[in-house]
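Undergrad: Please find the sequence and the predicted model below.
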Amino acid sequence: MTTVKESDIRRQIRDYLRLKGWFTFHLLQGLGSYPGLSDLVALKAGQVLFIELKRPGGRQSEKQKEFQVNVEAQGCRYILARGIEDLQKEGI
C-alpha cells in the first residue's frame, strides 16, 4: 500500500491552481510564524484562498481550526483539501 505524502498533495493542488490562473505559494510553519497557519495561499483577481492540506484521514489541529475561524471572520475563504476534488467542490 502506497502512503500519500502531503508534499504530493501540495504539488498536485499547486499545479491545478496554477493551470486555473492562480498565483500560489507555500507557507512554512516555523519559529515566529502564526500558529495554525495554512499550508498554501492562492491569489487571483482580488480573491484569496487559504488552503490547509491533509493526507486522507488527517485532521486539523485546534490551532488550525482557530486560524480558519479568524480567516473566515475576515471574509476570506479557507479550504481543507485532501486533493483537487475538494477545490472542485468549492467551485475552484
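TA: Here it is on my side, so go on.
Undergrad: Tell me which helix or strand the residue lying closest to residue 84 once chain neighbours are set aside sits in.
TA: Of all residues not flanking residue 84 in the chain, residue 16 sits nearest, at 4.9 Å (C-beta to C-beta, 6 or more residues apart in numbering). For every residue, glycine as well, the C-beta is placed using N, CA and C. Residue 16 is part of helix 6-19, with elements assigned from DSSP states H and E.
Undergrad: any idea how far the closest residue in space to residue 54 that isn't next to it in sequence is from residue 6?
TA: Nearest residue to residue 54 in three dimensions, chain neighbours excluded: residue 82, at 5.4 Å (C-beta to C-beta, 6+ apart). Distance of residue 82 to residue 6, computed by C-beta to C-beta, to the nearest Å: 10 Å.
Undergrad: Same drill for the two, tell me which one is more crowded.
TA: Using other C-beta atoms under 10 Å, the more surrounded residue of residue 82 and residue 6 is residue 82, with 17 against 13.
Undergrad: low pLDDT regions in the chain?
TA: Applying pLDDT under 70 to the chain flags residues 1-2.
Undergrad: tell me the centre residue of this protein?
TA: The centre of the chain sits closest to residue 51, judged by C-alpha atoms, centre = their mean, with a distance of 1.5 Å.
Undergrad: Give me the secondary structure label for that one.
TA: strand (DSSP: H, G, I helix; E, B strand; the rest coil).
Undergrad: can you give me the strands in the protein?
TA: 23-26, 40-44, 47-53, 77-81 (DSSP state E).
Undergrad: residues of the third one that come out buried?
TA: It refers to strand 47-53. Across strand 47-53, burial judged by 16 or more other C-beta atoms under 10 Å covers 49, 50, 51, 52, 53.
Undergrad: Please apply the same query to the last one.
TA: Of all the residues in strand 77-81, those buried under the rule 16+ other C-beta under 10 Å are 78, 79, 80, 81.
Undergrad: just to revisit the earlier point, who touches both of residue 82 and residue 6?
TA: In terms of C-beta atoms under 8 Å, 6 or more residues apart in numbering, residue 82 and residue 6 are both contacted by the residues 53, 54, 55, 58.
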